[in-house]
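Enquirer: Quick one, fold the following:
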Amino acid sequence: MRAIVVSASGGPEVLVPGERPDPVPGPGELLVDVAASGVNFIDVYFRTGAYAQPLPYVPGVEGAGTVAAVGEGVAGVAVGDRVAWANVQGSYAEKAVVPADEAVPVPDAVGLDDAAAALLQGMTAHYLTRSVHEVKPGDTVLVHAAAGGMGLLLTQVCKAAGARVIGTASTPGKMRTARDAGADEVLGYDGFADRVRELTGGEGVAVVYDGVGAPTFDGSLASLRRRGVLALYGAAGGKVPPFDPQRLNAAGSLFLTRPTLVHYTATREELLERAADVYGWIASGTLELRIGKRYDLADAASAHADLEARRTTGKLLLIP
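Expert: Numbering: from 1, shown residues only. Presented below is the predicted three-dimensional model:
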């Protein structure tokens, strides 16, 4: 099979196309013909070595496809079923082995491209808005990088919950994209905290969803209302340096969390519930996906370079 292989940590150039033996599913596993693989910032963290990963490896933790073979002991899944996954390394390939308990069924109303594009970021938006801070009607929320794949989903989910959404974006084109997704106000990054205060009558927002990290962290804290929540779910712009937690007290008894999807899909039941809600949102039209670009599998390095340079909006996919 064709696959991307990473033999050393580094820049996008370490994503090397190659041939690998077709994998074989073991007990409790599925062999899946991959229809689409999601490109996510967590793939960048693994590629650069920020997250440890034994070398060499096939990257990509998210994908969707059709079951080609079923390993021993697997029940409830058959060859030909459509499945997706969001936390299984090895998805940048024509075939992937996926633990059956990590695979979720894809309903008929959802295409496989959309299934791959929505699962990781969709479930992240789900836990951020339902579990980290339950967004309620009347909340004002701040969504950073509102034109990115995560930002567009968060904006729509928050609007569906009845919130007022303030977004940030770096260019006029991205600002238009965020507004088209439902953002009520879209700001540039310079001085955004002061503008948030103005837009909220000095109160601040209930929650900031921040996947940028170091460049926005201080402004995110300064944007929060008393007892507000900063959900630092990523660090696309760089890691946040250590800081004095006394700042949370002084700023109004704020809450800071650094959540990750694996801890919010810790049980099979929780995984299935979140996935079903996300796919239900797509099928009902509550959530409109924007696939920014599809790349051939061999162009994975270009996809990573575009993602890191913020040259794209929406979700990026690799198509084997």
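
Enquirer: quick one, what contacts Val207?
Expert: 132-133, 135, 139, 141-142, 224, 228-231 (C-beta atoms under 8 Å, 6 or more residues apart in numbering). In this view, the C-beta of every residue, glycine as well, is placed from N, C-alpha and C.

Enquirer: Show me where the protein has its helices.
Expert: Counting by DSSP state H, the chain has helices at residues 41-48, 112-127, 149-160, 172-180, 192-199, 217-222, 246-250, 261-264, 268-284, 300-308.

Enquirer: Can I get these in TSV including mean pLDDT?
Expert: Output for those, formatted as TSV (pLDDT from 0 to 100):
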stretch	mean pLDDT
helix 41-48	96
helix 112-127	97
helix 149-160	96
helix 172-180	96
helix 192-199	98
helix 217-222	98
helix 246-250	98
helix 261-264	96
helix 268-284	97
helix 300-308	97
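
Enquirer: pretty sure Arg2 is touching Pro17, no?
Expert: Yes - at 6.6 Å, Arg2 and Pro17 qualify as touching, with contact defined as C-beta atoms under 8 Å.

Enquirer: what touches both of the two?
Expert: 297-298.

Enquirer: got TSV for the helices of the chain, with distance to Gly211 and mean neighbour count too?
Expert: Formatted as TSV, the helices of the chain follow (distance: least, C-beta to C-beta, whole Å; neighbours: other C-beta atoms under 10 Å):
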stretch	distance to Gly211	mean neighbour count
helix 41-48	7	20
helix 112-127	9	25
helix 149-160	6	26
helix 172-180	14	18
helix 192-199	15	18
helix 217-222	11	21
helix 246-250	20	11
helix 261-264	12	15
helix 268-284	18	17
helix 300-308	12	20
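
Enquirer: out of these, which comes closest to Gly238?
Expert: helix 217-222 (9.5 Å; C-beta to C-beta).

Enquirer: Pull out the CA atoms of the closest one and give them to me as PDB.
Expert: Extracted in PDB, the C-alpha atoms of helix 217-222 (Å, rounded to 0.1, in the frame of the first residue of the first chain):
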ATOM      1  CA  PHE A 217      -2.800  33.700  26.000                       C
ATOM      2  CA  ASP A 218      -2.500  37.000  27.900                       C
ATOM      3  CA  GLY A 219      -5.200  38.600  25.900                       C
ATOM      4  CA  SER A 220      -7.500  35.600  26.400                       C
ATOM      5  CA  LEU A 221      -7.200  35.900  30.200                       C
ATOM      6  CA  ALA A 222      -7.800  39.600  29.900                       C
END
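
Enquirer: Does anything pack onto that helix? Which helices or strands?
Expert: helix 192-199, strand 205-210, strand 224-232 (3 or more C-beta pairs under 8 Å, 6 or more residues apart in numbering; DSSP states H and E).

Enquirer: other SSEs contacting the longest one?
Expert: Which is strand 224-232. strand 205-210, helix 217-222, strand 255-257.
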